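> only geometry, no sequence info:
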């Protein structure tokens, strides 16, 4: 919920503003009402509300001065001015100071829904950008930006930290906090449409050890991951990665729950060591049995995302080292856990791809390029991708749908299109994103969703990698005629 303060020296005016809007319907809650702007300023400094609605002419301090003093303190608070003064100079000064809007009294009831919806969208975009900057700062080795963005880490004495990453079932169920933890000891950062990072701090290590018992009591969570505990903030990036890996356990187990980061990479090594023997000396039935044993082993030992990434990258390394020419067009590349989640729907589909590759190498039976039927099916698949790029696309499902061997699909993408499947889909999505950023009024988060990216922050990274700048900067520069290569 967005927290709102109302400031007006007339109590009846405060009541009128309170009753004019459907606050809760649009995600707002009124957390303070003040007839004194000086008391309001103190509350702003203490509470850091998301929005302040203020009058202009008030006895001890004007609304414009309230905005000015808030800005001088470098507090990131939104303002809306509601005033009986229609002079352009007032509105101009309010907007110059960064006010989100300027409204005249009495407020037109017919305009309230439109206004509050607009404010909700503005605050949502602002919060998304703030969270993106915070997440980048927290995972950077340079802590200068973190100190600029938050005072959360300005503690004296020994403090311990722990990260919690929560995946909600839906965006509406994403929660603002954890049970038992107040704002002084908890930093909340949205790290995706349905994903929230909680950084917890305490002088008591035992309190952090009890997080899992106290914080997750409802059934709205898809998964929650908890990191190890650190006694200094220099390893924040490590804690965040641990929590994210643990929370991604649904990729392997496909069930909801609470998962503590416990690396078990050594348990995967015995399967990696088996690969060369499997290809050279075993039968196709043995390969099938290997894959089924692998999946059962992951389930039984509750192995997680970290082990899945290790398995994939070690397998890629073994196959590229032993069969460089044969696997060069199979889209075998080293991936981090975010990329693996984007590439495969779940662990079963990852194992299915590995199975197809192993069988192909075992058979050493490359399909013939002149097979027109297969190429025709492949081109139909490409046309389908062109029309459905805004949906989640997985090569395993597509190859089955269009009756083309998954491994051969990888080779056809390189042979006929000069790109891997992932590269083709990414370029298609980013090219369309560029058009939407230039030609549509939608927020960047909405644009990401409309071109097939569930995770807004992953979309930002991919866009920047493709275009050299962030989506926000691209949108600003587009009016000047600057475009990214993917948009051309």
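Alright, I've got the coordinates. None of these values were measured; they are calculated from a predicted model. Numbering: from 1, shown residues only.
> Closest to the mean position in this protein, which residue would that be?
By C-alpha atoms, centre = their mean, the chain has its centre lying nearest to residue 192, at 2.4 Å.
> In the sheet, which residues pair with that residue? Tell me.
Beta-bridge partners recorded for residue 192 (DSSP bridges): residue 195.
> Renumber starting at 436 from here on
All set: I'll call the first residue 436, so the last point we hit is now residue 627.
> Now do the same contact list for it.
By C-beta atoms under 8 Å, 6 or more residues apart in numbering, residue 627 lies in contact with 889-893. Quick note: C-beta positions are derived from backbone N, CA and C, even for glycine.
> just checking, residue 781 touches residue 686?
Yes: counting by C-beta atoms under 8 Å, residue 781 does reach residue 686; the two are 5.8 Å apart.
> Determine which member of the two has the greater number of neighbouring residues.
Applying other C-beta atoms under 10 Å to residue 781 and residue 686 shows that residue 686 carries more neighbours, namely 23 against 16.
> How far off centre is the strand or helix carrying that one?
Per DSSP states H and E: residue 686 is located in helix 685-688. Mean C-alpha position of helix 685-688 versus that of the full chain (C-alpha atoms, centre = their mean, to the nearest Å) differs by 18 Å.
> And for stretch 481-490?
Distance, centroid of stretch 481-490 to centroid of chain: 27 Å (C-alpha atoms, centre = their mean).
> Now it: buried residues?
Residues of stretch 481-490 classed as buried by neighbour count (16 or more other C-beta atoms under 10 Å): 484-490.
> Looking at these, spot the one nearest residue 837.
residue 485 (48.2 Å; C-beta to C-beta).
> Contact partners for the closest one?
The neighbours of residue 485, taking C-beta under 8 Å, 6+ apart as the test, are 437-439, 512-513, 558, 562.
> re the thing from before, taking the contacts of residue 627, tell me the two that lie furthest apart.
It's 889 and 892 that sit farthest apart of those, by C-beta to C-beta, at 10.5 Å.
> Pick out whichever of the two has more residues nearby.
residue 892 (22 against 16).
> tell me which element the more buried one falls in.
Following DSSP H and E, one finds residue 892 within helix 891-902.
> in that helix, what's buried?
891-895, 897-898, 901-902.
> Let me know the secondary structure of residue 904.
Following DSSP: H, G, I helix; E, B strand; the rest coil, the label given to residue 904 is coil.
> Excluding sequence neighbours, find me the nearest residue to residue 537.
Leaving aside its sequence neighbours, residue 537 sits nearest to residue 526 (C-beta to C-beta, 6 or more residues apart in numbering; 4.3 Å).
> Same question for residue 793.
Nearest to residue 793 is residue 722, by C-beta to C-beta, 6+ apart, at 5.1 Å.
> didn't that neighbour look like it was pressed against residue 795?
No: Residue 722 is beyond contact range of residue 795, at 10.5 Å (criterion: C-beta under 8 Å).
> Tell me which of those two has more neighbours.
Neighbour tally, residue 722 and residue 795, criterion other C-beta under 10 Å: the higher count belongs to residue 795, 22 against 19.
> need the contact list for the more buried one.
Residue 795 makes contacts with 765, 801, 840, 842-843, as judged by C-beta under 8 Å, 6+ apart.
> same deal with residue 844?
By C-beta under 8 Å, 6+ apart, the contact list for residue 844 reads 813, 816, 830, 833-834, 856.
> would TSV of the residues you listed with pLDDT be doable?
Supplementary listing: the contacts of residue 844 in TSV, determined by pLDDT from 0 to 100:
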residue	pLDDT
813	86
816	90
830	89
833	90
834	87
856	91
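> show me the biggest helix of this protein in terms of residues.
For the chain, the helix that runs over the most residues, judged by DSSP state H, is helix 547-573.
> Sort out which residues of it are buried, please.
By 16+ other C-beta under 10 Å, the buried positions in helix 547-573 come out as 547, 550-551, 554-558, 562-563, 566-567, 569-570, 572-573.
> Following element in sequence after that helix, please.
Criterion used, DSSP H and E; the element after helix 547-573 is helix 579-584.
> what's that next one in contact with?
For helix 579-584, contacts defined as C-beta under 8 Å, 6+ apart pick out 565, 568-569, 571-573, 575, 588-589, 671.
> Next, format the residues you listed as TSV and append distance to residue 467.
TSV is the format used below for these (distance: C-beta to C-beta, whole Å):
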residue	distance to residue 467
565	21
568	27
569	25
571	32
572	29
573	29
575	35
588	27
589	25
671	32
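> Let me have those residues in TSV, extended by pLDDT and distance to residue 726.
Formatted as TSV, the contacts of helix 579-584 follow (pLDDT from 0 to 100; distance: C-beta to C-beta, whole Å):
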residue	pLDDT	distance to residue 726
565	83	44
568	85	43
569	88	41
571	86	38
572	88	42
573	89	38
575	84	39
588	85	46
589	79	52
671	91	38
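> Which two of those have the greatest separation?
571 and 589 (19.8 Å).
> need the next SSE after the helix or strand harbouring residue 502, C-terminal direction.
If you go by DSSP H and E, residue 502 is part of helix 498-507. Heading C-terminal from helix 498-507, the first helix or strand you meet, by DSSP H and E, is strand 513-518.
> by contact count, what packs against that following strand?
Strand 513-518 sits against strand 486-489, helix 498-507, helix 523-531, strand 536-539, helix 547-573, with contacts defined as 3 or more C-beta pairs under 8 Å, 6 or more residues apart in numbering; DSSP states H and E.
> if I pick residue 787, what's in contact with it?
726, 831, 841.
> if we go to 10 Å?
Contacts for residue 787 (C-beta atoms under 10 Å, 6 or more residues apart in numbering) come out as 726, 730, 779-781, 831, 835, 841.
> And residue 568, by the same measure?
Residue 568 touches 580-581, 583-584, 624, counting by C-beta under 10 Å, 6+ apart.
> so can I have CSV of these showing pLDDT, distance to residue 875 and neighbour count?
As requested, those are arranged in CSV below (pLDDT from 0 to 100; distance: C-beta to C-beta, whole Å; neighbours: other C-beta atoms under 10 Å):
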residue, pLDDT, distance to residue 875, neighbour count
580, 82, 31, 14
581, 84, 33, 20
583, 80, 32, 11
584, 80, 29, 16
624, 89, 27, 21
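> where does the residue lying closest to residue 503 once chain neighbours are set aside land on pLDDT?
Nearest residue to residue 503 in three dimensions, chain neighbours excluded: residue 532, at 6.0 Å (C-beta to C-beta, 6+ apart). Listed pLDDT for residue 532 reads 84.
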